[in-house]
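Colleague: model the following, please.
(one chain, ligands or ions: 1)
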Amino acid sequence: MERYLAARLAKGPVHFTLIDPDKSPGERAARTARGAVDLGSHVILLGGSTGISRDVMGAAARAVKAAVSVPVVIFPEGPGSLTADADAVLFMSLLNSRNLDLVIRTHARAAPAVRAMHLEPIPMGYLVIAPGMRVGEVGQVDPVERDDVAGATGYALAAQLLGMRFVYLEAGSGAPEPVPPAMVRGVRSSLDIPLIVGGGIRSGRDARALLDAGANVLVTGTIAEEEGLGEGFRGILEEVRRARGGS
Ligand code: 1GP
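Modeller: Numbering: from 1, shown residues only. Predicted structure coming up:
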(Lines give C-alpha, C1' and ligand atoms only; values in the text may rest on other atoms or scores of the structure.)
Protein backbone atom coordinates (compact mmCIF):
# COMPACT_ATOMS: atom_id res chain seq x y z
CA MET A 1 0.00 0.00 0.00
CA GLU A 2 2.71 2.48 0.96
CA ARG A 3 4.61 1.76 -2.26
CA TYR A 4 1.40 2.09 -4.29
CA LEU A 5 0.68 5.38 -2.57
CA ALA A 6 4.18 6.75 -3.05
CA ALA A 7 3.95 5.98 -6.78
CA ARG A 8 0.60 7.80 -7.02
CA LEU A 9 1.77 10.74 -4.88
CA ALA A 10 4.77 11.20 -7.15
CA LYS A 11 2.32 12.29 -9.83
CA GLY A 12 0.16 14.57 -7.69
CA PRO A 13 -2.49 14.53 -4.97
CA VAL A 14 -4.70 11.52 -4.36
CA HIS A 15 -8.15 10.78 -3.00
CA PHE A 16 -9.30 8.28 -0.37
CA THR A 17 -12.95 7.23 -0.12
CA LEU A 18 -13.97 6.45 3.46
CA ILE A 19 -16.78 3.93 3.85
CA ASP A 20 -18.37 3.07 7.20
CA PRO A 21 -19.20 -0.67 7.07
CA ASP A 22 -21.80 -0.22 9.83
CA LYS A 23 -23.76 2.09 7.54
CA SER A 24 -22.76 0.40 4.27
CA PRO A 25 -22.13 -3.28 4.99
CA GLY A 26 -20.70 -5.87 2.61
CA GLU A 27 -22.05 -5.55 -0.91
CA ARG A 28 -23.24 -2.01 -0.32
CA ALA A 29 -19.70 -0.98 0.60
CA ALA A 30 -18.47 -2.79 -2.51
CA ARG A 31 -20.91 -0.89 -4.73
CA THR A 32 -19.81 2.47 -3.34
CA ALA A 33 -16.16 1.47 -3.66
CA ARG A 34 -16.58 0.39 -7.28
CA GLY A 35 -18.32 3.64 -8.20
CA ALA A 36 -15.72 5.73 -6.37
CA VAL A 37 -12.79 3.96 -8.02
CA ASP A 38 -14.44 4.30 -11.42
CA LEU A 39 -14.51 8.04 -10.77
CA GLY A 40 -10.80 8.08 -9.92
CA SER A 41 -10.54 7.49 -6.16
CA HIS A 42 -7.20 5.85 -5.29
CA VAL A 43 -7.75 4.06 -1.96
CA ILE A 44 -10.74 2.69 -0.05
CA LEU A 45 -10.67 3.32 3.69
CA LEU A 46 -12.98 1.30 5.92
CA GLY A 47 -13.86 2.78 9.28
CA GLY A 48 -16.15 4.81 11.47
CA SER A 49 -15.94 6.43 14.87
CA THR A 50 -18.03 3.81 16.67
CA GLY A 51 -16.98 0.22 17.34
CA ILE A 52 -17.16 -1.78 14.12
CA SER A 53 -17.00 -5.49 14.82
CA ARG A 54 -14.34 -7.68 13.26
CA ASP A 55 -17.06 -9.63 11.41
CA VAL A 56 -18.62 -6.53 9.86
CA MET A 57 -15.20 -5.13 8.96
CA GLY A 58 -14.07 -8.47 7.54
CA ALA A 59 -17.18 -8.87 5.38
CA ALA A 60 -16.82 -5.34 4.02
CA ALA A 61 -13.09 -5.78 3.33
CA ARG A 62 -13.69 -9.03 1.45
CA ALA A 63 -16.54 -7.58 -0.61
CA VAL A 64 -14.62 -4.41 -1.46
CA LYS A 65 -11.45 -6.29 -2.33
CA ALA A 66 -13.41 -8.49 -4.71
CA ALA A 67 -14.89 -5.38 -6.35
CA VAL A 68 -11.87 -3.10 -6.82
CA SER A 69 -8.14 -3.41 -7.39
CA VAL A 70 -7.03 -0.41 -5.29
CA PRO A 71 -5.78 -0.94 -1.71
CA VAL A 72 -8.37 -1.50 1.03
CA VAL A 73 -7.19 0.07 4.26
CA ILE A 74 -8.61 -0.03 7.77
CA PHE A 75 -9.10 3.35 9.42
CA PRO A 76 -9.33 1.90 12.92
CA GLU A 77 -11.35 3.19 15.80
CA GLY A 78 -9.88 0.47 17.99
CA PRO A 79 -8.18 -2.91 17.81
CA GLY A 80 -11.52 -4.75 17.71
CA SER A 81 -12.07 -3.91 14.06
CA LEU A 82 -8.76 -5.23 12.72
CA THR A 83 -9.10 -7.94 10.09
CA ALA A 84 -6.59 -9.80 7.96
CA ASP A 85 -8.97 -9.36 5.02
CA ALA A 86 -7.76 -5.78 4.42
CA ASP A 87 -4.44 -4.81 2.82
CA ALA A 88 -3.22 -2.32 5.40
CA VAL A 89 -4.12 -0.38 8.52
CA LEU A 90 -3.55 3.28 9.31
CA PHE A 91 -1.38 2.71 12.38
CA MET A 92 -2.10 6.09 13.81
CA SER A 93 -1.47 7.92 17.02
CA LEU A 94 -4.14 10.45 17.99
CA LEU A 95 -1.57 13.12 18.74
CA ASN A 96 -3.76 15.57 20.65
CA SER A 97 -5.81 13.14 22.71
CA ARG A 98 -5.77 13.41 26.49
CA ASN A 99 -6.23 9.64 26.61
CA LEU A 100 -2.89 7.84 26.46
CA ASP A 101 -4.66 4.72 25.20
CA LEU A 102 -5.29 6.54 21.93
CA VAL A 103 -1.81 8.01 21.76
CA ILE A 104 0.16 4.78 22.26
CA ARG A 105 -1.21 2.21 24.76
CA THR A 106 -3.77 0.61 22.43
CA HIS A 107 -1.06 0.38 19.78
CA ALA A 108 1.14 -1.54 22.18
CA ARG A 109 -1.68 -4.01 22.73
CA ALA A 110 -2.61 -4.24 19.03
CA ALA A 111 0.88 -4.39 17.50
CA PRO A 112 1.32 -8.18 17.87
CA ALA A 113 -2.06 -8.76 16.17
CA VAL A 114 -1.17 -6.42 13.30
CA ARG A 115 2.01 -8.45 12.80
CA ALA A 116 0.25 -11.79 13.04
CA MET A 117 -2.40 -10.71 10.52
CA HIS A 118 0.28 -9.52 8.06
CA LEU A 119 -1.54 -6.21 7.83
CA GLU A 120 0.73 -3.50 6.47
CA PRO A 121 0.94 -0.73 9.08
CA ILE A 122 0.96 2.83 7.74
CA PRO A 123 2.62 4.93 10.47
CA MET A 124 0.64 8.14 10.83
CA GLY A 125 0.16 11.08 13.14
CA TYR A 126 -3.54 11.93 13.44
CA LEU A 127 -4.38 15.45 14.56
CA VAL A 128 -7.88 16.69 15.27
CA ILE A 129 -8.62 20.31 14.39
CA ALA A 130 -11.71 22.13 15.72
CA PRO A 131 -14.60 21.41 15.61
CA GLY A 132 -13.48 17.75 15.69
CA MET A 133 -17.06 16.44 15.72
CA ARG A 134 -17.55 12.92 17.07
CA VAL A 135 -13.92 11.84 16.86
CA GLY A 136 -13.03 14.89 18.92
CA GLU A 137 -15.41 13.68 21.65
CA VAL A 138 -14.71 9.96 21.65
CA GLY A 139 -11.04 10.69 21.14
CA GLN A 140 -10.99 12.94 24.24
CA VAL A 141 -9.14 15.49 22.20
CA ASP A 142 -7.87 18.96 22.98
CA PRO A 143 -8.64 20.21 19.48
CA VAL A 144 -6.19 22.50 17.75
CA GLU A 145 -8.01 25.80 17.18
CA ARG A 146 -8.69 26.64 13.55
CA ASP A 147 -6.39 29.67 13.53
CA ASP A 148 -3.56 27.96 15.41
CA VAL A 149 -1.31 27.19 12.46
CA ALA A 150 1.80 27.15 14.64
CA GLY A 151 0.18 24.63 17.01
CA ALA A 152 -0.79 22.31 14.15
CA THR A 153 2.65 22.67 12.58
CA GLY A 154 4.33 21.75 15.86
CA TYR A 155 2.34 18.52 16.16
CA ALA A 156 2.82 17.63 12.50
CA LEU A 157 6.54 18.21 12.60
CA ALA A 158 6.88 16.29 15.85
CA ALA A 159 5.14 13.35 14.14
CA GLN A 160 7.62 13.52 11.28
CA LEU A 161 10.60 13.75 13.61
CA LEU A 162 9.29 10.72 15.51
CA GLY A 163 9.46 8.79 12.25
CA MET A 164 5.78 8.75 11.28
CA ARG A 165 5.42 8.79 7.51
CA PHE A 166 2.07 10.58 7.10
CA VAL A 167 0.21 13.32 8.96
CA TYR A 168 -3.59 13.54 8.88
CA LEU A 169 -5.35 16.84 9.70
CA GLU A 170 -8.91 15.91 10.65
CA ALA A 171 -11.75 18.44 11.08
CA GLY A 172 -14.10 15.58 12.04
CA SER A 173 -16.51 13.60 9.91
CA GLY A 174 -19.44 15.80 8.90
CA ALA A 175 -17.70 19.01 9.98
CA PRO A 176 -19.47 22.11 8.66
CA GLU A 177 -16.20 23.37 7.16
CA PRO A 178 -13.00 21.52 6.24
CA VAL A 179 -9.65 22.27 7.88
CA PRO A 180 -8.84 25.88 6.93
CA PRO A 181 -6.72 26.06 3.77
CA ALA A 182 -4.42 28.56 5.54
CA MET A 183 -3.62 25.88 8.12
CA VAL A 184 -2.97 23.30 5.40
CA ARG A 185 -0.64 25.75 3.65
CA GLY A 186 1.25 26.54 6.84
CA VAL A 187 1.69 22.92 7.90
CA ARG A 188 2.58 21.81 4.37
CA SER A 189 5.35 24.39 4.13
CA SER A 190 7.11 22.98 7.22
CA LEU A 191 6.63 19.29 6.54
CA ASP A 192 8.48 16.83 4.28
CA ILE A 193 6.04 13.91 4.53
CA PRO A 194 2.63 13.66 2.82
CA LEU A 195 -0.21 15.60 4.39
CA ILE A 196 -3.66 14.01 4.50
CA VAL A 197 -6.69 16.27 5.02
CA GLY A 198 -10.24 15.20 5.81
CA GLY A 199 -13.51 16.16 7.43
CA GLY A 200 -16.21 18.35 5.90
CA ILE A 201 -15.05 18.25 2.27
CA ARG A 202 -18.29 18.43 0.28
CA SER A 203 -17.62 20.10 -3.04
CA GLY A 204 -15.12 20.65 -5.78
CA ARG A 205 -14.64 24.13 -4.40
CA ASP A 206 -13.64 22.79 -0.96
CA ALA A 207 -11.29 20.32 -2.63
CA ARG A 208 -9.66 22.91 -4.84
CA ALA A 209 -8.93 25.26 -1.92
CA LEU A 210 -7.24 22.42 0.02
CA LEU A 211 -5.32 21.17 -3.01
CA ASP A 212 -4.15 24.70 -3.82
CA ALA A 213 -2.95 24.93 -0.21
CA GLY A 214 -0.82 21.82 -0.73
CA ALA A 215 -2.87 18.89 0.64
CA ASN A 216 -1.45 15.62 -0.72
CA VAL A 217 -4.41 13.40 0.13
CA LEU A 218 -8.09 14.31 0.46
CA VAL A 219 -10.38 11.99 2.42
CA THR A 220 -14.14 12.11 1.99
CA GLY A 221 -16.79 9.98 3.65
CA THR A 222 -20.04 11.79 4.40
CA ILE A 223 -20.63 13.21 0.92
CA ALA A 224 -20.95 9.76 -0.66
CA GLU A 225 -22.99 8.44 2.27
CA GLU A 226 -25.47 11.30 2.18
CA GLU A 227 -25.60 12.21 -1.49
CA GLY A 228 -24.19 9.15 -3.25
CA LEU A 229 -21.60 9.55 -5.97
CA GLY A 230 -23.33 12.61 -7.41
CA GLU A 231 -22.29 16.15 -8.22
CA GLY A 232 -20.42 16.85 -4.97
CA PHE A 233 -18.35 13.69 -5.08
CA ARG A 234 -17.65 14.01 -8.80
CA GLY A 235 -16.61 17.64 -8.35
CA ILE A 236 -14.07 16.63 -5.70
CA LEU A 237 -12.62 13.89 -7.91
CA GLU A 238 -12.47 16.27 -10.85
CA GLU A 239 -10.35 18.71 -8.84
CA VAL A 240 -8.00 15.90 -7.78
CA ARG A 241 -7.66 14.79 -11.40
CA ARG A 242 -7.02 18.37 -12.51
CA ALA A 243 -4.35 18.78 -9.80
CA ARG A 244 -2.69 15.59 -11.12
CA GLY A 245 -2.54 17.09 -14.58
CA GLY A 246 -5.29 14.84 -15.83
CA SER A 247 -3.79 11.48 -14.80
C1 1GP B 1 -13.54 11.50 8.66
O2 1GP B 1 -11.98 12.85 7.48
C3 1GP B 1 -12.94 11.86 7.33
O4 1GP B 1 -12.64 10.85 9.44
C5 1GP B 1 -14.01 12.20 6.34
O6 1GP B 1 -14.86 13.23 6.77
O7 1GP B 1 -17.16 12.31 6.52
O8 1GP B 1 -16.79 14.78 6.59
O9 1GP B 1 -16.09 13.45 4.60
P10 1GP B 1 -16.31 13.46 6.07
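Colleague: buried residues, the host helix or strand of residue 123. List them.
Modeller: Element membership for residue 123 (DSSP states H and E) is strand 120-128. Using 16 or more other CB atoms under 10 Å as the burial criterion, the residues of strand 120-128 that qualify are 120, 121, 122, 123, 124, 125, 126, 127, 128. Glycine gets a C-beta too; all of them are placed from N, C-alpha and C.
Colleague: if I look at the second one, how far off is the ligand?
Modeller: It stands for residue 121. Going from residue 121 to the ligand by CB to the nearest ligand atom, to the nearest Å gives 18 Å.
Colleague: one step back: take the buried residues of strand 120-128 and lay them out in CSV including pLDDT.
Modeller: Below are the buried residues of strand 120-128 laid out as CSV (pLDDT from 0 to 100):
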residue, pLDDT
120, 97
121, 98
122, 98
123, 98
124, 98
125, 98
126, 98
127, 98
128, 98
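Colleague: surely residue 220 touches residue 198?
Modeller: Yes: in this structure, residue 220 is within contact of residue 198 by CB atoms under 8 Å, at 7.0 Å.
Colleague: quick check: neighbours shared by these two?
Modeller: Residues touching both residue 220 and residue 198 (CB atoms under 8 Å, 6 or more residues apart in numbering): 16, 18.
Colleague: what are the ranges of the helices in this protein?
Modeller: 2-9, 26-38, 54-67, 100, 106-116, 133-138, 149-161, 181-190, 204-212, 222-227, 231-243 (DSSP state H).
Colleague: among those, which is nearest the ligand?
Modeller: Ranking the helices of the chain by proximity to the ligand (CB to the nearest ligand atom) places helix 222-227 first, at 3.3 Å.
Colleague: model confidence over the closest one, on average?
Modeller: Here helix 222-227 scores 94 as its mean pLDDT.
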